[in-house]
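Colleague: fold the following for me, if possible:
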Amino acid sequence: MVRVELKNIIKAWENFRLEIGYLKAKDGEFLTLLGPSGCGKTTTLRMIAGFEKPDKGEILFNGNIVNELPPYERNIGIVFQDYALFPHLTVFDNIAFGLEIKRLPRDEIERKVRWALELVGLEELENRYPEQLSGGQQQRVALARALVIEPEVLLLDEPLSNLDAKIRERLRSEIKRIQRELGITTIYVTHDQEEAMAISDRIAVMNVGHVEQVGKPLELYYRPKTEFVARFLGLSNILKLKAKDGKACIGGLCFDVERDGKVRVFFRPESVYVKPGKMAEIVDYELLPGRIRLRLKIGDELILAERFLDELPFSVEDLPERVDVEVRSFSILK
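Modeller: Got it, this is the predicted structure:
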């Protein structure tokens, strides 16, 4: 297994500058680079792969600087967004391509390709051509081709973005299963927050050329350090309040804080519990599968609350006009 590190990286263009002070993918870890389009995540992946060179800084594999190594000497496997399969080659030959470049014996190529086919569940399709495959099957071929060369690092650049929602959900589970089975260090690029939360050991949230925060999915979700991370990962409530004597309050809703003065209190809609009362007005609501999202007005602020239907202390058909509110988990943003 390999540890991948980026140290003091700078990559600049005329109107964009990517700066990463330090970022590490641990041995055998599934690290996701998550952020909106244009934030620098694909460029970061391309520098790790060797397709781009940083203007400054170091890229290290297990402590060894690889800045000057070409991609084929870094022992990486990579899956692109468009899969880049050879249309004139069968599934078998597409997967075998990298092994043939290495001039391995034919019996070894046969053995490795059949292992890869079984790993991704395509044993029965080895003689088909890419045009005869579904999008999900093509993605599996691309993944098998990347894995069959037994890379030390697997890089995936938005590999599921061209697929429909149900296939994406199924294949992301397959990717995570394969990664765990092989124990391979994996760096995955996506703009999809749900996808990142579902498959990652840790997530690096990127924004306009820098890393905002790195952490485990639930840490980033419930304890974001910046407003960007709070808003980018799911729905959020952010109240700008003034604290006094260790409390920040609005309309009877109070938060214990460690400092006085202006604070930004962050909490998720599912951290808001409601019961009949007078603290907040129910402005409107939205019914979702198995749950309800309430828009509440407290003082001059609007907040979102989200509860499972069977958790409500009243029926949807008999919603009260006002409720009392309790926030059971919150944090203070920088």
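
Colleague: and the helices in the stretch 151-300 of the chain?
Modeller: Counting by DSSP state H, counting those that start in this stretch, the stretch 151-300 of the chain has helices at residues 165-182, 193-199, 217-222, 227-232.

Colleague: lowest mean pLDDT across those, which one is that?
Modeller: Here the helices of the stretch 151-300 of the chain differ in mean pLDDT, and the lowest is helix 165-182 at a mean of 88.

Colleague: so which bits of that helix are buried?
Modeller: Buried residues in helix 165-182, counted by 16 or more other Cβ atoms under 10 Å: 167-168, 171-172, 174-176, 178-179, 182. The C-beta positions use only the backbone N, C-alpha and C, and glycine is treated the same way.

Colleague: export those residues to TSV and tack on distance to A142?
Modeller: Formatted as TSV, those follow (distance: Cβ to Cβ, whole Å):
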residue	distance to A142
I167	14
R168	15
L171	11
R172	14
E174	13
I175	11
K176	16
I178	13
Q179	15
L182	16
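
Colleague: list of residues touching the lowest-mean-pLDDT helix or strand in the chain?
Modeller: None of the helices or strands of the chain scores lower by mean pLDDT, DSSP states H and E than helix 165-182, at a mean of 88. Identification of contacts with helix 165-182 by Cβ atoms under 8 Å, 6 or more residues apart in numbering yields 30, 119-121, 134-136, 139-140, 143, 147, 154, 156, 159-160, 163, 186, 188, 192, 195, 198-199.

Colleague: same thing with stretch 200-210?
Modeller: With contacts defined as Cβ under 8 Å, 6+ apart, stretch 200-210 is touched by 16-20, 23, 26, 29-36, 38-41, 44, 188, 196-197, 211-217, 220, 228-229, 232-233.

Colleague: repeat the analysis, applying 6 Å as the threshold.
Modeller: For stretch 200-210, contacts defined as Cβ atoms under 6 Å, 6 or more residues apart in numbering pick out 17-19, 23, 29-35, 39-41, 196, 211-214, 216-217, 220, 228-229.

Colleague: how far off centre is it?
Modeller: Remark: stretch 200-210 is offset 8 Å from the chain centroid, using Cα atoms, centre = their mean, to the nearest Å.

Colleague: give the buried residues for it.
Modeller: For stretch 200-210, burial by neighbour count (16+ other Cβ under 10 Å) applies to 200-207, 209.

Colleague: widest-spaced pair of these?
Modeller: By the measure Cβ to Cβ, D201 and G209 form the most distant pair in the buried residues of stretch 200-210, at 24.1 Å.

Colleague: neighbours around A280, how many?
Modeller: Neighbour count for A280, taken as other Cβ atoms under 10 Å: 26.

Colleague: how about L319?
Modeller: Each residue near L319 was counted by other Cβ under 10 Å, and the total is 14.

Colleague: and R17, what does it touch?
Modeller: Counted by Cβ under 6 Å, 6+ apart, R17 has contacts G209.

Colleague: repeat that for the one 5 residues further on.
Modeller: Contacts were defined as Cβ under 6 Å, 6+ apart; by that measure Y22 touches K7.

Colleague: repeat that for 10 Å
Modeller: 5-9, 57, 211, 214 (Cβ atoms under 10 Å, 6 or more residues apart in numbering).

Colleague: quick one, which of these are buried?
Modeller: 5-7, 9, 57, 211, 214.

Colleague: name the nearest residue to K216, ignoring sequence neighbours.
Modeller: Excluding the flanking residues, the one nearest K216 by Cβ to Cβ, 6 or more residues apart in numbering is R202, at 5.7 Å.

Colleague: sorry, back to before: buried ones among the contacts of helix 165-182?
Modeller: The neighbour count (16+ other Cβ under 10 Å) marks 30, 119-120, 136, 139-140, 143, 147, 154, 156, 159-160, 163, 186, 188, 195, 199 as buried among those.
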